[in-house]
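Colleague: Below are the sequence and a predicted model; questions follow.
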Amino acid sequence: MEQITSPLVHPVASQKSNVSAQEQPSTGSVTKRLGNELMTLMMSSSPGISAFPKNDGNLFEWIGTIEGAPGTVYAGLTFKISISFPFNYPYKPPVIKFETPCYHPNVDIGNGAICLDILQDKWSAVYSVQTILLSLQSLLGEPNNGSPLNTEAAGIWEKPDEFKGQVMKHYRAVE
Amino acid sequence: MATDAVRAQVAAKWQYAFSRLNRGEPGISGLMTFSQAWRLATEFLRPRVLTDRSGSHIEYNADDFRKALHLINRCHKLPALLETFLDDLRKAFKLVEREVEQHMAEYERTSGPTIINQFIMRVLEWYKAWAPPADLGNTCLSTYTLNFQTNLFSILPSSFPPAFKALCASTLPSPDPDAKLDDIISSESFWSAAEMLGLMDRYDSLVASVGYEHIEGHVLSTCAGQWEKPVLGDLKNWMADKMIPWMLVTYARNAQTTEEVRHLLQGVGSRFEFHMNKTLCDLRTREIFDIIIDFPDSMGALQDLKECLQRVDQRSALVQSLRKANRKRLLHPGADTKLILTQYVATIKCLRIVDPPGVLLFKIADPIRRYLRERPDTIRCIVANLVGDDNTGDSLVDENEPIQPLQQPDVDDYTDPNWEPEPIDAGPEFRTNKPSDIISTLVSIYHSKDLFVKELQVLLAQRLLAVLENDIEKVDKERKNIEILKIRFGEAALQVCEVMLRDMSDSKRIDTHAQMQKPSVVHPTIISRQFWPALKTGDLVMPGQFQKLQEEYASEFHKFKPDKKLRWLPQLGTVHLELELQDRTVDVTVPPLEAAFIELFSQQTVWSMDELIEVVGSIDRSAALKALITWVDLGVLKEDVEDTFRLLEVAEDPSAESRERRMAPVTPDVAPVMGAQQQQAEKIKVYWKFVEGMLTNLGALPVDRIQSMLRIVPGYDQTVEQLTMFLEAARREGLLTVRDGMWKLNR
């Protein structure tokens, strides 16, 4: 764990002046929280969702896997996402992107950015990786067509066959 | 043709020799007297047959001989005379040879050492008879002796040394303590004879080996298996009483002063004493395993061994012997863990006596400790012993030993004026665990005491859960145990146990309160889940009235402790039942599963086992069958068809009655608390979850990467080898696949 903290001290220190004391936990406690979240996630067996740090030295960059829920157009498909935790996590939400191209009303097909309220203004420190992953999984089946990033997808959501065709056209299986 | 010069030279030589012999006497009279003297001298000296009792030297006048000798000497012919004499001696030795053959043949027939004694005496007679008179000087005598001995040795047959040895052995004091020393004294003449004939020098090692063998025989016959009292003192006395007189006769016959005696006996004496020590040491080394078993009744042997080891450097032999014995007799699957521990503790105690610095112990204990570490029930065994959970009664720990905190191996304090360096045969990894107590040593078999504390919790949980209601005494006993253990393991380590004990008394209090509000027959033990070891949770659902009782109690509890939730572990505990059947009542105390089944039989009289299992929740068939058999044994149920049971409202066969009486009260099983071993398995499960998560998200990974990623898991302590084995096991179960060293989930 020592390896992790040392390169991270710097950015926190530089933010010291403009970040309030409450929102500035030491990276040690962030690491601890992330470690706990990982443990919880590993030990809970939620079907279809999973995530793990990219490297053993860095707990702040994870890769997640979401399987489309059965009964949705995404059934049987597996999507990789990248999860990047800020140093003041959990006071700020992690940045999450789809790595696997995902044709979805709330996902930018180009850069994988996601429009989900709990990842932006509705974020709360009580959320965890697990809740995020579960939210994403349900988002796949129930998009919020009110604020689409992909308007075309939002447009054809009501036509499942056409929509499924688009999904499959963009989808590239995880190797 | 000889020239004149040569002729003249020969003539001069002749003249010179002649004048030397003739000594300037007129004519050849000088020559005549010389040849007369020569004849006399050679005849005088010629070795003769001994049977000629008239005496060989008598017929010649000693004076004449002396004169003749003088004359020969003047002619410088003494060396020639000596040579002639020795030549004669050689020729005459045939006489001796004949006697040697006779005696040896006689000996071979009777094998009595006395014949050899006679024989030696006889040879001595020859020797004395043939010896040249003192007039010839010492040189001459010693040359004679040397020649006589050489001749003698050359004709002694190969059967002689063993015979001589037997003779020497016969001079030893008999093992009979009342035997007089006369025998030894009488052998003095023999020893002198042997010395004069040079046999002592030639067979020195033989004589010494007689001594060695005698000592060895005595030590083995008197000390083998005698471990109670030290024998070294007795042996020393025996040496002084029996061996020293023999040694005196053998080696120090001619000594005049005590100083001289001491000088003569110094070498051989210390060799013999060393041999005595070594024999005893070897004996004890061979016996060491049994000596340890016999401890503390073998104190004497241990003290002897300690003393011997200081004299004889047999430490490594002792280590080898004991290690071998341990390997053969102790460290095998047939030996009970308890037994190994007992023997280990005895070994510790014994070797502390033999070798206080502990080097021997360290070397011997190492394999035992390694073996114990591999045994799954070692910790349980030690802990059970600590809390006195032993049926055998004999504790590993000496009760007189003061209870003290566990000791950590401490660093050498070089400022201590009494500091001593490690013994020279201590290995580099040697650690002095000086006066540490037995428990510390046992606990140190493992690298941390955490395992012990965990096992202790498990054991305590089992024992507390087995406590029947109102058995305050037992709980108090556990409390006392924990107090003692606190001293050993420290307050903090046993905090959990403390909570468990408090739960017991709290349960009592809560129960009293709940009963006051609403009397119930349920008396639960309420335990704090966080602090108790994981209990195996079953899916047993109590049917009928039990369910109702539980619910009622739970609601009372909730009123009393609104912030707590009661979760039942219905498979634990016992149920006291009174069954009212048509013709009889059955009064029994049974485990909950039995109670659940019989409750169901009050609803309908015939059940198949599968139905029963379904109603009470998933339990395994063997447990179900066992519960049902209990009732069959009690004559309450009957198995009509296989796996189908019927309630016997009326007792069926008369023998049921007697069977019922025979039945011992059903004791509840030991509470199924997960042991430390199972907790280890739980840990492995955690690792698997992580491996699974990692491979799901990161794709195929090599084992090194998996290993380094697993460091994220708190408390991960496996080596790459262990991990590889683990992955291999998962592969065999079809969970993983491996290609080119990359591990992948098998989907």
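Modeller: Looks like it arrived, so ask away.

Colleague: how would you label residue B:552: helix, strand or coil?
Modeller: Classification of residue B:552 using DSSP: H, G, I helix; E, B strand; the rest coil returns helix.

Colleague: pretty sure it is touching residue B:517, no?
Modeller: No - using Cβ atoms under 8 Å, residue B:552 is not in contact with residue B:517; the gap is 10.4 Å. To be clear about C-beta, it is placed using only N, CA and C from the backbone, and glycine gets the same treatment.

Colleague: which parts of chain B sit against chain A?
Modeller: B:686, B:689-690, B:692-694, B:696-699, B:708-714 (Cβ under 8 Å from any Cβ of the partner chain).

Colleague: Close to chain B: what parts of chain A are there?
Modeller: Selection of chain A residues close to chain B by Cβ under 8 Å from any Cβ yields A:35, A:38-39, A:41-43, A:50-56, A:59, A:62-65, A:80, A:174-175.

Colleague: what about 6 Å?
Modeller: Contact residues, chain A versus chain B (Cβ under 6 Å from any Cβ of the partner chain): A:42, A:43, A:50, A:51, A:52, A:56, A:63, A:65.

Colleague: Need the buried ones from the residues of chain B next to chain A selected in PyMOL.
Modeller: Of the residues of chain B next to chain A, the buried ones can be selected in PyMOL as follows, counting by 16 or more other Cβ atoms under 10 Å in any protein chain shown:
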select buried, chain B and resi 686+689+690+692+693+694+696+697+698+709+710+712+713
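
Colleague: Narrow the residues of chain B next to chain A to those in helices?
Modeller: By the criterion of DSSP state H, membership of the residues of chain B next to chain A in helices covers B:686, B:689, B:690, B:692, B:693, B:694, B:696, B:697, B:698, B:708, B:709, B:710.

Colleague: The second one reaches residue A:42, doesn't it?
Modeller: Yes - using Cβ atoms under 6 Å, residue B:689 and residue A:42 qualify as a contacting pair, with a distance of 4.3 Å.

Colleague: Checking residue B:737 next. Helix, strand or coil?
Modeller: strand.

Colleague: Could you report the pLDDT at it?
Modeller: Per-residue confidence (pLDDT) for residue B:737: 88.

Colleague: quick one: it and residue B:694, what's the gap?
Modeller: Separation of residue B:737 from residue B:694 (Cβ to Cβ, to the nearest Å) stands at 15 Å.

Colleague: Then residue B:503?
Modeller: Residue B:503 is 39 Å from residue B:694, where distance means Cβ to Cβ.

Colleague: in the longest helix along chain A, what's buried?
Modeller: Criterion DSSP H: the longest helix present in chain A is helix A:27-43. By neighbour count with 16+ other Cβ under 10 Å, helix A:27-43 contains the buried residues A:27, A:30, A:31, A:33, A:34, A:35, A:37, A:38, A:39, A:41, A:42.

Colleague: mind putting those in CSV, pLDDT included?
Modeller: What follows is the buried residues of helix A:27-43, written out as CSV (pLDDT from 0 to 100):
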residue, pLDDT
A:27, 69
A:30, 85
A:31, 85
A:33, 87
A:34, 88
A:35, 86
A:37, 88
A:38, 88
A:39, 86
A:41, 88
A:42, 86
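
Colleague: Regarding the most centrally placed residue in chain A, what is its secondary structure?
Modeller: By Cα atoms, centre = their mean, chain A has its centre lying nearest to residue A:96, at 3.7 Å. Secondary structure, three-state DSSP: residue A:96 is strand.

Colleague: can I assume it is in contact with residue A:82?
Modeller: No - applying Cβ under 6 Å, one finds residue A:96 not in contact with residue A:82, separated by 7.0 Å.

Colleague: who's more crowded, residue B:552 and residue B:517?
Modeller: residue B:552 (14 against 11; other Cβ atoms under 10 Å in any protein chain shown).

Colleague: now the more buried one, nearest residue through space, not along the chain?
Modeller: residue B:520 (6.2 Å; Cβ to Cβ, 6 or more residues apart in numbering or on different chains).

Colleague: Now do that neighbour: how many residues are near it, please.
Modeller: Look at residue B:520: counted by other Cβ under 10 Å, it has 15 neighbours.

Colleague: For residue B:596, see how far away it is.
Modeller: For residue B:520 relative to residue B:596 (Cβ to Cβ), the value is 18 Å.

Colleague: Likewise for residue B:705?
Modeller: Counting by Cβ to Cβ, the gap from residue B:705 to residue B:596 is 51 Å.

Colleague: More neighbours: these two, which one.
Modeller: Between residue B:705 and residue B:596, residue B:596 has the larger neighbour count (other Cβ under 10 Å), namely 27 against 16.

Colleague: Report the contact partners of residue 157.
Modeller: Unless you meant another one, I'm taking chain A. A:105, A:145, A:163 (Cβ atoms under 6 Å, 6 or more residues apart in numbering or on different chains).

Colleague: let's do chain B instead
Modeller: Contacts of residue B:157 (Cβ under 6 Å, 6+ apart): residue B:104.
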